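S.K.: predicted model, plus sequence, below.
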Amino acid sequence: MAVDSSGNVYVTGSSSGDCATVKYNSSGIQQWASRFNGTGNSTDYSNAIAVDAEGNVYIAGGSIGIGSNSDYVTIKYNSSGILQWAARYDGAAHSLDEAFSIDLDDSGNVYVTGGSITSTLTNDYVTIKYNSAGVLQWLKTYNGTGNNVDIASSVALDSSGNTYVTGTSRGNGTSDDNFATIKYSPSGLEMWVRTYNGPGDGFDQSRKIAVDKSGNSHITGRSFGDGTQYDYATIKYNTLGDSLWVKRFNGLENSSDYSTTLAIDKSGNTYVSGQSFGSISNYDYVTIKYDPSGTEQWARIFNGPGNSVDNSNAIAVDNLGNVYVTGSSFLSGSSYNYATVRYSNAGVEDWSRSYNGTANGSDESFAVVADANGNVYVTGGSAGSGQFKDFVTIKYSPGYQATIRIFVEGLYNSSLDKMLSDTAWIFIRNATYPYAIVDSSRSIIDSSGYATFDFANVINATNYFIVLKHRNSIETWSSNVNIFLSGLMSYDFSTDANKAYGNNLSLVDNSPVRFAMFSGDVNQDGTVDASDLSLVDNDAVNFVTGYVSTDLNGDNFVDATDFSLADNNAINFVGVIRP
C-alpha cells in the first residue's frame, strides 16, 4: 500500500490470477482499478507498490511468462491508471523468479529485488534498476558463499542514490541461513556485503531494511539463538558497512520469536515488530523501540481479546513518533480479524482497532501507512460473501477523537431544534496553570450540534480543559477537566449552563433544553462590546452579504437582527470566563 501527498491511497495484490491495483481518493472513493495479465496468460501477482511525486504507480511481483515459469514483473501506471510499461526479467534457468520489494529515487528510477533460480538450480539475489521509461540501467546478482539458496526480501535507498538490499543467504550446510546485506553505488557497483550468523548457527532470515537520513542501514529478521529457538535480531550498519550494534529479543517463554517488519523515525530511532510466543496466549504482537545507539526504550505486547494467535505484519511511524502496528488477531466468537494498534512515542498504547469482515471469516491486514495529517491506512484480505477473499482497505482518522455537542446562539433555530452547520475549533489545554495548549482541531458542527474533532498530541488518562472557539462567538471553556480513554472523549455543552466554566452559556430553548455559545464576538477579543457592534453596524449599513463574521444568524445578510443579538450580549457584558 502507498499513500500520496493528497491522501490518495493505492493498494495492490492478486485477483483471479491477475495483478490488481486500485486507487482510492482521500474519501475512500475508487478512482480506478487496473489489472495486469502477463504474457503467459496465467498467474500474475504483485508483492510491492510505490508511488512517485507525480502520482505514477509502480508494482513489483511475479508473472508467468511464455516458455518460462514465474518472471520478475515491474509495472508502471500513470496517475489515471493507464499502463505505461511492464518490464520482465526471466532468469537463466527460465524457472521461478519473483520480485518482493520495490523503491524509487527522486529522479524516477525504479529499483526491485527478489530471488531468481540460476542455471545451477540455486537461488540468487537479483536487484535491478530501471529508469523512468522502464529501460534497464543495471542488473546485479548475489550468490552467497554456499552457492546455495539466496533470496532478497527488501530494498531501500539513501538520499545519495545508493541501494541497499537484504535477505537470506544459505551457507555450506542445509541449516545455515544467514542475513546477507549488500550496498550498491548509484551505478550498481557493489560497495560491501555483510552477513550475520546468529549464536545458534541455524536459520537466520532477514526480512526488512530501512535507511535513515545519515545513510545508516537498519535490518531486522529472525535468528536462531543459543538454546532460545528463534529470536528477533536487529542490526544497524553505518555507511561503510560497519556494524554499530546488534540487538536480540527473546520472548517470555524462551520460544520462537519472529521479527517481520521495521521502521525508522526522523530522529533515527528504530522500531521493530513481529510475533512472540507468550506464556498463556500463544503468539502475541511484540513491538520494540531502540534509540539511535541501540538502547531499548520500550517493548510492548499486544494480546488480542481471543487470547490466541496474533501476528504482526507491518509497522509505520508518523511525524510525531506515534507507532502503528497491524496484522491479524483471533477474536472470540469469530476467526482472524484485522488488528491495528497505536502506541505513543513513549510506548503507551493509545488505542487498538479491529475489523471483522462481512463473512465473519478470516481477515488479515498486511500493510499500514501513516500520513502527515495523522490518518492511518491499513489494507489486506478479508473473507467476503463468496468463497474467496476481497481487498479491504480502511482509513482511521488521527488516533484521538473528541465528540462534542454544542450549539451556536445566533445559528440555532428553536422552532426546529436545529442549527446551521458551521466550522468550530477545539483547543485542548493543560489542566494546570498556565493552561498551555496541547493540541487543537477544526471540525464542522452539524445541525444537531455534534462535531467530531481529531487530535494527535494528547495522552490518554490525562486531565485537560476543552476550549471551544467559533468565528463570531465567545470562547467557551469546559467547567471541569476531561480525559481521553482509549483515544476517545465526549462532552455535551448543550444540556446545562454548568457544563461551561462560569456557567458561560446562553439558554436558547426550554423544550428541549438547549444551551449555546454566546454570539457577537466578531473581532474575537474575548468580549462582546462596542467594537463588535460597530463592525456589525458598518456591514449592515453597506448591505454586506455572504459568509462573513458579522452575519451572526447565518442568513447571509448583515442586518438589524444581527445587531440586536450582539447588542443584547454587549449590554449583559458577555465575555470569556476562564479558570
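M.R.: That came through fine. Residues are numbered from 1 along each chain as shown.

S.K.: how much space is there between the most centrally placed residue in the chain and residue 99?
M.R.: Note on the chain: the residue nearest the mean C-alpha position is residue 370, at 2.2 Å, using CA atoms, centre = their mean. Using CB to CB, to the nearest Å, we find residue 370 at a distance of 25 Å from residue 99. In this view, the C-beta of every residue, glycine as well, is placed from N, C-alpha and C.

S.K.: what comes into contact with the worst-scoring helix or strand of the chain on mean pLDDT?
M.R.: Lowest mean confidence among the helices and strands of the chain (mean pLDDT, DSSP states H and E): strand 349-355, at a mean of 80. The contact list for strand 349-355, computed with CB atoms under 8 Å, 6 or more residues apart in numbering, reads 300, 302, 304, 322, 329, 331, 337-344, 363, 365, 378, 382, 392, 394, 396, 399-400, 460, 486-488.

S.K.: filter those residues down to the ones in strands?
M.R.: 300, 302, 329, 337-343, 363, 365, 378, 382, 392, 394, 396, 400, 488 (DSSP state E).

S.K.: restricting to C-alpha, output the host helix or strand of residue 534 in CSV.
M.R.: Using DSSP states H and E, residue 534 falls within helix 530-541. Taking Å, rounded to 0.1, in the frame of the first residue of the first chain, the C-alpha atoms of helix 530-541 are listed here in CSV:
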residue,chain,number,x,y,z
ALA,A,530,-19.0,48.4,21.2
SER,A,531,-16.2,47.4,18.8
ASP,A,532,-18.2,44.4,17.7
LEU,A,533,-21.4,46.4,17.4
SER,A,534,-19.6,48.9,15.2
LEU,A,535,-18.4,46.2,12.8
VAL,A,536,-21.9,44.7,12.5
ASP,A,537,-23.5,48.2,12.1
ASN,A,538,-21.0,49.2,9.4
ASP,A,539,-21.6,46.0,7.4
ALA,A,540,-25.4,46.4,7.8
VAL,A,541,-25.3,50.0,6.5
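
S.K.: what mean pLDDT does that helix have?
M.R.: The pLDDT scores in helix 530-541 average 97.

S.K.: report the distance from that helix to the chain centre.
M.R.: 47 Å (CA atoms, centre = their mean, to the nearest Å).

S.K.: in that helix, what counts as buried?
M.R.: 532, 533, 535, 536, 537, 539, 540 (16 or more other CB atoms under 10 Å).

S.K.: can you list contacts of it?
M.R.: Under CB under 8 Å, 6+ apart, the answer for helix 530-541 is 520-523, 525, 548-552, 558-560, 562-563, 566-567, 570.

S.K.: so where's the stretch 51-200 of the chain shaky on pLDDT?
M.R.: Residue ranges of the stretch 51-200 of the chain with pLDDT under 70: 172-175.

S.K.: switch to 90 and redo it
M.R.: 65-69, 92-94, 118-122, 145-148, 170-176, 200 (pLDDT under 90).

S.K.: same deal with the stretch 351-500 of the chain?
M.R.: 351-363, 372-374, 382-390, 396-401, 439-444, 452-458, 486-487.

S.K.: can you give me the strands for it?
M.R.: Ranges of strands in the stretch 351-500 of the chain, per DSSP state E, counting those that start in this stretch, are 363-370, 376-383, 389-396, 400-405, 407-408, 412-413, 418-419, 422-430, 437-445, 450-455, 464-470, 476-477, 488-492.

S.K.: packing partners of the helix or strand residue 61 falls within?
M.R.: Here residue 61 sits within strand 57-64, counting by DSSP H and E. Where contact means 3 or more CB pairs under 8 Å, 6 or more residues apart in numbering; DSSP states H and E, strand 57-64 is packed against strand 9-15, strand 18-24, strand 44-51, strand 70-77, strand 97-104, strand 110-117.

S.K.: using CSV, write out every CA atom in the fourth one.
M.R.: The C-alpha coordinates for strand 70-77 follow below in CSV (Å, rounded to 0.1, in the frame of the first residue of the first chain):
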residue,chain,number,x,y,z
SER,A,70,7.4,-17.1,-13.0
ASP,A,71,9.3,-14.0,-14.0
TYR,A,72,10.0,-10.7,-12.2
VAL,A,73,7.4,-8.2,-13.4
THR,A,74,7.7,-4.5,-12.8
ILE,A,75,4.8,-2.3,-13.9
LYS,A,76,4.3,1.4,-14.2
TYR,A,77,0.8,3.1,-14.4
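
S.K.: residues of it that come out buried?
M.R.: 70, 71, 72, 73, 74, 75, 76, 77.

S.K.: test my guess that the last one contacts residue 19.
M.R.: No - Residue 77 is beyond contact range of residue 19, at 10.5 Å (criterion: CB atoms under 8 Å).

S.K.: now do the shared contacts for those two.
M.R.: residue 59.

S.K.: how long is stretch 532-551 end to end?
M.R.: This stretch, stretch 532-551, spans 12 Å end to end (CA to CA, to the nearest Å).

S.K.: stretch 348-366 now?
M.R.: 23 Å.

S.K.: same question, stretch 323-337
M.R.: OK, stretch 323-337 end separation, CA to CA: 20 Å.

S.K.: figure out how far that stretch is from the centre of its chain.
M.R.: 17 Å.

S.K.: just the buried positions in it, please.
M.R.: Those would be 323-331, 334-337, for stretch 323-337 by 16+ other CB under 10 Å.

S.K.: same question, stretch 8-25
M.R.: 8-15, 18-24.
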